[in-house]
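S.K.: mind folding the following:
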Amino acid sequence: MFRRLVLGAAALTAAATLTLASTGPAFAAPASAGAPAPGKVATKLFRAWLAADRTAAAKAATPAAVKTIFTYVYRAPDRFDGCSGNVCRFVHTSVRVPGGLDGIAMVVTGSKVTKVYLSRHITRPSTVAKHLFAAWKRGDRYGGLEVATSATVQKLFRVKYDPRGVTHFFQGCTKESQGYSCAYSYEGGAMLMHVRGSTTTGYEVRSISYLAD
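M.R.: This next block holds a predicted model:
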């Protein structure tokens, strides 16, 4: 069971002492001339957030990115997991959070973080399903990982959403043996998102199945 992050002075002091160790090259993305490496930019925002310093955060990120990271509800991730291209991740090693993102991902453009993805605490199965579907429509894998397991996102994104293809209709969520099944119907079949969790732990999409007429 994970615990919610409380941004009190003591909690921030403890979080600030965490060692951010990378499992891979910390700065995997090449920096353009004159621009800092993505990992340095991301770490600057992360440390400003730990210190609850919005002024410092604004120097490292766009207003939208600052606003997003300060909504994170869990304790601070405890490991810097390096960067893939210009996306840098900070992950949890001691708590379980919903989705495959497992913490915070930051998109770095030049000298600023321009977008932040977060593991989300969502208390309605239908909201989780709609979030994942919207991410698929955008072609946004990190958005999908906010609310679904890595295997689920990988399976869903094998097929690119085609805005000129069949129309998907959300049919709501129904109880099943271990959680909920949230359905999107379309001509010729349906996609079922199998949602697990609780209002306390938060919900996530654990798997997807398809039905054919």
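
S.K.: this structure: strands as residue ranges?
M.R.: 79-84, 87-91, 103-109, 112-118, 169-176, 179-186, 189-198, 202-212 (DSSP state E).

S.K.: okay, the angle between the shortest one and strand 112-118?
M.R.: Angle, strand 87-91 to strand 112-118, by axes from the mean of the first three to the mean of the last three Cα atoms, to 10 degrees: 40 degrees.

S.K.: who does strand 87-91 pair up with?
M.R.: strand 79-84 (antiparallel), strand 103-109 (antiparallel) (DSSP bridges).

S.K.: tell me which of those lies nearest to Ala61.
M.R.: Smallest distance to Ala61 across the strands paired with strand 87-91 (Cβ to Cβ): 7.8 Å, for strand 103-109. Placement of C-beta: from N, CA and C, glycine included.

S.K.: which residues in stretch 69-89 does the neighbour count mark as buried?
M.R.: Within stretch 69-89, the residues scored as buried using 16 or more other Cβ atoms under 10 Å are 69, 72, 74-83, 86-89.

S.K.: from these, which single one is nearest Arg96?
M.R.: Using Cβ to Cβ, the buried residues of stretch 69-89 come closest to Arg96 at Tyr74, 9.9 Å.

S.K.: so the closest one touches Ser119, yeah?
M.R.: Yes. Contact between Tyr74 and Ser119 holds when scored by Cβ atoms under 8 Å: they sit 6.5 Å apart.

S.K.: isn't Arg89 right next to Val107, touching?
M.R.: No. Assessed by Cβ under 8 Å, Arg89 is found out of contact with Val107, at 10.6 Å.

S.K.: turn the strands of the chain into JSON lines, including mean pLDDT and distance to Gln154.
M.R.: Below are these laid out as JSON lines (pLDDT from 0 to 100; distance: least, Cβ to Cβ, whole Å):
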{"stretch": "strand 79-84", "mean pLDDT": "96", "distance to Gln154": "15"}
{"stretch": "strand 87-91", "mean pLDDT": "98", "distance to Gln154": "16"}
{"stretch": "strand 103-109", "mean pLDDT": "98", "distance to Gln154": "16"}
{"stretch": "strand 112-118", "mean pLDDT": "98", "distance to Gln154": "16"}
{"stretch": "strand 169-176", "mean pLDDT": "97", "distance to Gln154": "22"}
{"stretch": "strand 179-186", "mean pLDDT": "97", "distance to Gln154": "18"}
{"stretch": "strand 189-198", "mean pLDDT": "97", "distance to Gln154": "14"}
{"stretch": "strand 202-212", "mean pLDDT": "97", "distance to Gln154": "10"}
